[in-house]
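Asks: Quick one, fold the following:
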Amino acid sequence: MDVSERPESEADGEAGPRPRGRTGLLLGCAVGLGLVAGICAGCLVQAGRAPDKLPSLSQPVLAQSRGKAPEPLSAARDRKVKVNGDLRGLLLRRPTGTLDNAAATGDDGWNSLGDYAEDSTKPKVMFHDMIHDQFRRAAVTGWLQGERSVAIRLVQFRQENNKSAADAAEEARHWAVTVDGTRSLPVPGTGDGVAYVHDGPAGHWAEAHAWRGDIAMEIWIYDTKPIPPTVIRDLAERQMERL
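Replies: Numbering: from 1, shown residues only. Just a heads-up that it's a prediction; the model follows:
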């Protein structure tokens, strides 16, 4: 056939699309077999190697320290011994020249759960709350000085499930600030302990609330005349120092 009679693309030297045959399939199979062979060879090589030694799980032997062991804490310095003993011994002593406040000393210096709840404006609610908070015991004291009466409580909780002492102090502080005509000041050395002074139509009284460990401290002062803020603050500070 004459060149002039061939198709234009062929005459110009341009090749058309190549028909698909078995060449591509054969190449693909060869590559696949090569990969399989390589993996098998690698597994055989790895299987023939000796296993690497694992690091030791034991720790190196520590040298024992020499010298005399520290002395155990005395009962006066060991707080757990102090607070698990007679809690009444941690209460402030009644000042000289004051009279016993029978209404604040409970039964030989203790308040039962029922007695403690009865001193609340809502005894049934308080009783239920104290059971929930795992009330353990309450040591109480108080005195009379002229027209002024003082009551101090150390309320101890078991605290198996929550920090009941901290919660009790926080709730008491919450209600203290809701009283009209209230002034407040922090109790030094207690973290978040606060003393409050109330002066209003209902009379004059002061209160202080703080906590340490499993013990919540409450102090109440009632008087016929205004109570200086420093009186309740200093009393609370001295009581917390004993804890």
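Asks: What segments of the chain are helices?
Replies: Counting by DSSP state H, the chain has helices at residues 8-11, 23-48, 79-84, 113-118, 123-132, 164-176, 229-241.
Asks: what residue is smack in the middle of this structure?
Replies: K163 (7.5 Å; CA atoms, centre = their mean).
Asks: For that one, give me its contacts.
Replies: K163 makes contact with no residue, according to CB atoms under 8 Å, 6 or more residues apart in numbering. Backbone N, C-alpha and C define where each C-beta goes, glycine included.
Asks: Distance check, it against I215.
Replies: Distance, K163 to I215, using CB to CB, to the nearest Å: 12 Å.
Asks: what's the answer for D115, then?
Replies: Distance of D115 to I215, computed by CB to CB: 18 Å.
Asks: Which one's more surrounded, those two?
Replies: Ranked by neighbour count (other CB atoms under 10 Å), D115 and I215 place I215 first, with 26 against 14.
Asks: How about that one: which residues does it bridge to?
Replies: Q156, R212 (DSSP bridges).
Asks: do the same with T182
Replies: Beta-bridge partners, per DSSP bridges, of T182: H198.
Asks: pLDDT value on it, please?
Replies: What the model reports as pLDDT for T182 is 93.
Asks: ok, D234 - contacts?
Replies: D234 neighbours (CB under 8 Å, 6+ apart): none.
Asks: before we move on, what about P186?
Replies: Residues near P186 by CB under 8 Å, 6+ apart: G193, V194, A195.
Asks: Would you confirm that R183 contacts V197?
Replies: Yes: the pair formed by R183 and V197 meets the contact definition of CB atoms under 8 Å, at 4.8 Å.
Asks: Need the residues touching each of these two.
Replies: Common contacts of R183 and V197 (CB under 8 Å, 6+ apart): P229.
Asks: Neighbour count: the two, which is higher?
Replies: Ranked by neighbour count (other CB under 10 Å), R183 and V197 place V197 first, with 25 against 11.
Asks: quick one: contacts for the closest residue to M217 other than its chain neighbours?
Replies: Distances taken as CB to CB, 6 or more residues apart in numbering put A210 closest to M217, at 5.0 Å, once the chain neighbours are dropped. The contact partners of A210, taken as CB under 8 Å, 6+ apart, are A169, V187, T190, G191, D192, G193, V194, A216, M217, A236, M240.
Asks: Low-confidence stretches in this protein?
Replies: Residue ranges of the chain with pLDDT under 70: 1-37, 41, 43-48, 56, 58-59, 69, 71-82.
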